[in-house]
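Q: just to be clear, the model below is a prediction. Sequence and coordinates:
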Amino acid sequence: MSKKNSYLGPLFIIGILFFVMGFVTWVNGTLITFFKKAFSLDNTSSYLVTFAFFISYTVMAIPCSMVLKKTGFKNGMSLALIVMAVGTLIFIPAAEMASYPLFLVGLFTIGIGLTVLQTASNPYATILGPRDSAAQRISIMGIANKSAGIFSQLIFGKLLLAGATTGDPKSELDKVAMPYLVLTAVLVGLAILIRMSKGLVEVSEEEDTPAAAELVTVQKTSVLQFPNLVLGVIALFCYVGVEVIAGDTIISYGVSLGFPEEEARLFGTYTLYGMMFGYLLGIVLIPKYVSQQAYLKFCAILGIVVTVIAINSTGFTSVLCIAVLGFANAVIWPALWPLALSGLGKFTKIASALLVMGISGGAIMPLIYGGIADSIGNTQQAYWVMVPLYIFILYFGLVGHKKKSW
């Protein structure tokens, strides 16, 4: 059996996990609009949904890496799904009690499970094959992730936002109970299947590290001695910030422009379609025609240009530009991971945990966006917050990833 065929099975299982991650992550855009209406929230308060969900990555990334050292990748993934199931189950009493804070606790708990899953699955997909095609493999994972996001937004948008509202907040909140009960059952079932699976084997993070690079890691005593990693964490923070702003604010943004919820509920899927197209293009082009670094730089420049156009255009054109950011953002994530982890060797697991902490950009930046939108009374001009984030991503693609010492 060829080496390529040997990792196709495990890669398929990881793809299923990325689908699950996408399903529970990208429903947040729908939840933001739903909770904003049900609890009469302002922009800042409604974006506590993304804050509670993504801040868990910062709080739990290091502890989760320690858990993975004890459990290994496979058992860690199974444990992650159980923790996520606990979080989805919390939605049931939260709906019964009409408690927004309890919903946030549920989202935070789901985020903890996702932290373990992200910390395990991304380096697993990176290590499974050649380093120079890692972005290609993670792009395939991204397609699974974003296609799940499209399904979740279509399903939950139909369940939570479509049709007339009852006018009774408690009755509105009851809409989430059954979907999240089903989601809990699915997560528990997957956890059992992963635990029993013989397809996932343990891999070592040193397996594909060249001997010369491994010698460098022996000479270093701290993960912070790798500039490409430290700058990669900051770049990932910036990336997840722009990704979540583009994906999770677009529905509320459409509503603020006067589009009815029945129409605006689909806007989030446009962003995800853009990301899927970007991933497909990445699979075709990387690394045969375009390097990971070159694609990263192109995406950052495109993000800057499209953001400026979105801010200075009107109506559906502006909404469409925010959706096009999905295409611009698509391959930044899969290109960042291998560049940031390059040469880390024995430090890969802790480095992966630090990168996962960078996902907190999805917690902090949408909250800042919401705060700016509330303070100036303009959801469109608040998108200026994304421009410096793209500029730093561009810096990492041009210079930052090449730095081997401070």
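A: Looks like it arrived, so ask away.
Q: for the rest of this, base every contact and every neighbour count on C-alpha atoms.
A: Will do.
Q: so where's the stretch 151-300 of the chain shaky on pLDDT?
A: By pLDDT under 70, the weakly predicted segments of the stretch 151-300 of the chain are 163-168, 199-219.
Q: let's see 50
A: Applying pLDDT under 50 to the stretch 151-300 of the chain picks out residues 206-215.
Q: do the stretch 1-150 of the chain as well
A: 1-3.
Q: quick one, helices of it?
A: For the stretch 1-150 of the chain, the helices defined by DSSP state H, counting those that start in this stretch occupy 3-25, 28-38, 43-46, 48-97, 100-127, 134-160.
Q: now the last one: how far from the chain's centre is it?
A: This points to helix 134-160. Its chain's C-alpha centre and that of helix 134-160 lie 10 Å apart, by CA atoms, centre = their mean, to the nearest Å.
Q: could you list the alpha-carbon positions for stretch 29-43 in CSV?
A: The C-alpha atoms that make up stretch 29-43 are tabulated as CSV, following Å, rounded to 0.1, in the frame of the first residue of the first chain:
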residue,chain,number,x,y,z
GLY,A,29,-24.3,33.8,12.8
THR,A,30,-28.0,32.6,12.9
LEU,A,31,-27.9,32.5,16.8
ILE,A,32,-26.7,36.1,17.0
THR,A,33,-29.6,37.4,15.0
PHE,A,34,-32.0,35.1,16.8
PHE,A,35,-30.9,36.0,20.3
LYS,A,36,-30.7,39.7,19.4
LYS,A,37,-34.4,39.6,18.6
ALA,A,38,-35.5,37.2,21.4
PHE,A,39,-33.7,39.0,24.2
SER,A,40,-33.9,42.6,22.6
LEU,A,41,-30.1,42.9,22.6
ASP,A,42,-27.8,45.6,21.1
ASN,A,43,-25.0,44.8,18.7
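Q: now do that stretch: distance to the chain's middle.
A: For stretch 29-43, the distance to the chain centre is 21 Å (CA atoms, centre = their mean).
Q: please, where are all the helices along the stretch 151-300 of the chain?
A: Using DSSP H, counting those that start in this stretch, helices in the stretch 151-300 of the chain cover 169-173, 177-196, 211-219, 227-248, 250-256, 261-264, 267-285, 292-312.
Q: of all those helices, which lies closest to residue 158?
A: helix 261-264 (8.4 Å; CA to CA).
Q: now residue 174, nearest residue through space, not along the chain?
A: What sits nearest to residue 174 in space, not counting adjacent residues and going by CA to CA, 6 or more residues apart in numbering, is residue 95, at 5.6 Å.
Q: count the residues that sit near residue 297.
A: 21 (other CA atoms under 10 Å).
Q: which residues touch it?
A: 393-394, 397-398 (CA atoms under 8 Å, 6 or more residues apart in numbering).
Q: please repeat the previous calculation with a cut-off of 10 Å.
A: 303, 332, 335, 390-391, 393-398 (CA atoms under 10 Å, 6 or more residues apart in numbering).
Q: point out the least confident one among the residues you listed.
A: Among the contacts of residue 297, residue 335 carries the weakest pLDDT, at 81.
Q: does it lie in a helix or a strand, and which?
A: Secondary structure from DSSP states H and E places residue 335 in helix 332-341.
Q: that helix vs helix 134-160, what angle?
A: Helix 332-341 and helix 134-160 are oriented at 140 degrees to each other (axes from the mean of the first three to the mean of the last three CA atoms, to 10 degrees).
Q: specify the angle between helix 332-341 and helix 100-127 in degrees.
A: Using the same axes, to 10 degrees: helix 332-341 against helix 100-127 is 60 degrees.
Q: helix 332-341 packs against which elements?
A: If contacts are counted by 3 or more CA pairs under 10 Å, 6 or more residues apart in numbering; DSSP states H and E, helix 332-341 sits against helix 100-127, helix 134-160, helix 227-248, helix 267-285, helix 292-312, helix 348-357, helix 387-398.
Q: switch those over to CSV; also include distance to residue 169.
A: What follows is these, written out as CSV (distance: least, CA to CA, whole Å):
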stretch, distance to residue 169
helix 100-127, 11
helix 134-160, 12
helix 227-248, 22
helix 267-285, 24
helix 292-312, 34
helix 348-357, 35
helix 387-398, 37
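Q: which among those helices is found nearest to residue 364?
A: helix 227-248 (7.4 Å).
Q: buried residues, the closest one. List them.
A: Buried residues in helix 227-248, defined by neighbour count with 16 or more other CA atoms under 10 Å: 227-248.
Q: before we move on, the earlier item: ok, the residue nearest to residue 174 - contacts?
A: 102-103, 169-177.
Q: one more: residue 100?
A: Applying CA under 10 Å, 6+ apart, the residues near residue 100 are 35, 38-39, 46, 48-49, 91, 94, 106, 173.
Q: now do it against residue 161, distance only.
A: 17 Å (CA to CA, to the nearest Å).
Q: and for residue 393?
A: Taken as CA to CA, the span from residue 393 to residue 161 is 35 Å.
Q: more neighbours: the two, which one.
A: Taking neighbours as other CA under 10 Å, residue 393 and residue 161 compare with residue 393 leading, 27 against 22.
Q: without its sequence neighbours, what residue ends up closest to that one?
A: residue 235 (5.2 Å).
Q: can you count the residues close to residue 67?
A: 16.
Q: quick check: it touching residue 117?
A: No - using CA atoms under 10 Å as the test, residue 67 is too far from residue 117 to be in contact (11.3 Å).
Q: overlap in contacts, the two.
A: 73, 76, 79.
Q: how about those in a markdown table, adding neighbour count?
A: Formatted as a markdown table, the shared contacts of residue 67 and residue 117 follow (neighbours: other CA atoms under 10 Å):
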| residue | neighbour count |
| --- | --- |
| 73 | 24 |
| 76 | 25 |
| 79 | 23 |
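Q: burial count for the residue nearest to residue 380 when sequence neighbours are not counted?
A: Nearest residue to residue 380 in three dimensions, chain neighbours excluded: residue 311, at 5.8 Å (CA to CA, 6+ apart). Using other CA under 10 Å, residue 311 is surrounded by 18 other residues.
Q: list the contacts for residue 311?
A: 318-319, 321-322, 379-384.
Q: quick check: ChimeraX command selecting the buried ones in the residues you listed.
A: Selecting only the buried entries of the contacts of residue 311 in ChimeraX, with 16+ other CA under 10 Å as the criterion:
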select :318,319,321,322,379,380,381,382,383,384
